[in-house]
Structure formats: structure tokens, C-alpha cells
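J.: Dropping the sequence and predicted coords here.
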Amino acid sequence: MPSSQTNLSKNQIFNLIILIEALVLILATAWSWLAKIELLTAFSKADPLQMAAGLGTGFLLSLTSIASARLALALRDKFKFFDIYLELINDVMAPVFSKFLFRDIVLIALASGFCEEVFYRGVLQNQFGILTASIVFGLCHFAGKRYLFYAIWAALAGALFGYMIILTGSLWPPILAHITNNFVSLTYLRYRHKADEA
């Protein structure tokens, strides 16, 4: 079983996450400038219905993850995959995110959703297409061969976000979907782990 112990404090982990997201945004900004990608055009379109669809998509995506965790609880004794799935949630992810305050979760969701979508969908997909951007997005969520399924899930989620910008021509729907998914999922991880410890 992987260890959930870390030598980093809550503040160090939080600062590291925010630093990584800031670097992703800086990379996206520099890349878009060098490649002459008009990111502002993708931000100028802000249709309320499309933005609502982004929020709804992110919420449904997070509910799918939560439902999968519930299903895994029921089937973990019958299928090894579900036991590994719960191991990732309970022993790797939840112990980390349970340390954060609610405001930390909000800031992480905002930073990751915005910065990553600007880079992966705004820049990478613009340059190399939805397939490459989705695969790279999945690889950046690779947590080891044992958890390959998580990288595959992230790649599929990335493809969904990428399809949203193709449909709408705007970065706002995938940004809002990504933020909402991360916020709901991380909040679930935080409070579920707290409840398990009680």
C-alpha cells in the first residue's frame, strides 16, 4: 500500500500546488505570445448559457467520480480494480486534501481550473489538436503504473473539456467545468476523510 505520509506541511503542499499552477500559466502566456495565439479572443466570448453548461458539466463529472467511489465500496471484494481505486482515494489523495481548509480547496480549484485550461485547451490544443492535448493532460495526472486508470480518466476528462471549446469557441465553459469538478471532488475527499477519522 502506498504511504500517505509526507514530510511537507499543509502550507508547503498548498504553496507548491499554487506555484505549479502559476508556472503553468506563465508557460501558457509565453507560449501563446511566441506562437501568436490569440487567447484573448477565446476569453471574449462569454455566453451565459454556455457558462451555465460548463458549470453543469463540471458538476456532473464530479458526481460521476463520487458515484464511482460509492460503487467501488460495494464491489471492492469482488474486483481487485475497485480495491486499487479506493486505495488511490483513501490512502493517497484524501490524506493530502483533508489537511486543507475550505478556502484552500476553493483557491486550488480556481487556480487549477483556470491555469490548466489556459495551457492545455487554450495553447496546447490550439497548437497540436484535441488528441495530443488530452493525452498530455492525462500524462500529467499519471500517479504510477498502479494508478494508470486515473491518467486515462484525466485524459478523457481533458477530451471533454477540449470538445467544449470546439463547440463554443470560448475558454470559459471548460474553465468553469474544470473548476467545478475540482471543487466538488476535492471537497468530497476532504470531508469524507474527516468523517472516516471521526
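T.: Cool, the structure landed.
J.: tell me the SS of the residue lying farthest from the centre of the chain?
T.: Largest separation from the mean C-alpha position in the chain: residue 78, at 28.8 Å (Cα atoms, centre = their mean). Counting by DSSP: H, G, I helix; E, B strand; the rest coil, the backbone at residue 78 sits in coil.
J.: residues contacting residue 184?
T.: 58, 59, 62, 63, 66 (Cβ atoms under 8 Å, 6 or more residues apart in numbering). Placement of C-beta: from N, CA and C, glycine included.
J.: give me the element the last one is part of.
T.: Put plainly, it is residue 66. helix 48-75 (DSSP states H and E).
J.: Distance from the chain centre to that helix, please.
T.: Offset of helix 48-75 from its chain centre (Cα atoms, centre = their mean, to the nearest Å): 12 Å.
J.: related to what we said a few turns ago, who wins for neighbours among the contacts of residue 184?
T.: Neighbour counts for the contacts of residue 184 (other Cβ atoms under 10 Å) peak at residue 58, which has 28 neighbours.
J.: Tell me which residues are up against the helix or strand following the helix holding residue 66.
T.: Later in the chain than helix 48-75, the nearest helix or strand by DSSP H and E is helix 80-87. Outside helix 80-87, the residues that touch it by Cβ under 8 Å, 6+ apart are 1-2, 68-69, 71-73, 75-77, 146-147, 149.
J.: Of those residues, grab the buried ones for ChimeraX.
T.: Here is the ChimeraX command that picks out the buried ones among these, judged by 16 or more other Cβ atoms under 10 Å:
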select :69,72,76,147
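J.: Looking at the contacts of helix 80-87, which one is closest to residue 109?
T.: residue 69 (18.2 Å; Cβ to Cβ).
J.: Show the contacting residues for the closest one.
T.: 85, 86, 89.
J.: which of these count as buried?
T.: By 16+ other Cβ under 10 Å, the contacts of residue 69 give 85, 86, 89 as buried.
J.: any idea how far the last one lies from residue 75?
T.: Translated: residue 89. Distance, residue 89 to residue 75, by Cβ to Cβ, to the nearest Å: 14 Å.
J.: ok, now residue 47?
T.: 41 Å.
J.: what's the answer for residue 51, then?
T.: Counting by Cβ to Cβ - residue 51 and residue 75 are separated by 36 Å.
J.: mind listing the helices for this structure?
T.: Listed in chain order, the helices of the chain (DSSP state H) span 10-34, 39-44, 48-75, 80-87, 94-97, 102-117, 125-128, 130-139, 148-168, 172-197.
J.: The fifth one: how far from the chain's middle?
T.: So that's helix 94-97. That offset, for helix 94-97, works out to 15 Å (Cα atoms, centre = their mean).
J.: Please save the CA atoms from it in PDB.
T.: What follows is helix 94-97, C-alpha atoms only, in PDB (Å, rounded to 0.1, in the frame of the first residue of the first chain):
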ATOM      1  CA  ALA A  94      -7.700  12.000   0.700                       C
ATOM      2  CA  PRO A  95      -5.000  12.300   3.400                       C
ATOM      3  CA  VAL A  96      -3.400  15.100   1.400                       C
ATOM      4  CA  PHE A  97      -6.500  17.200   0.700                       C
END
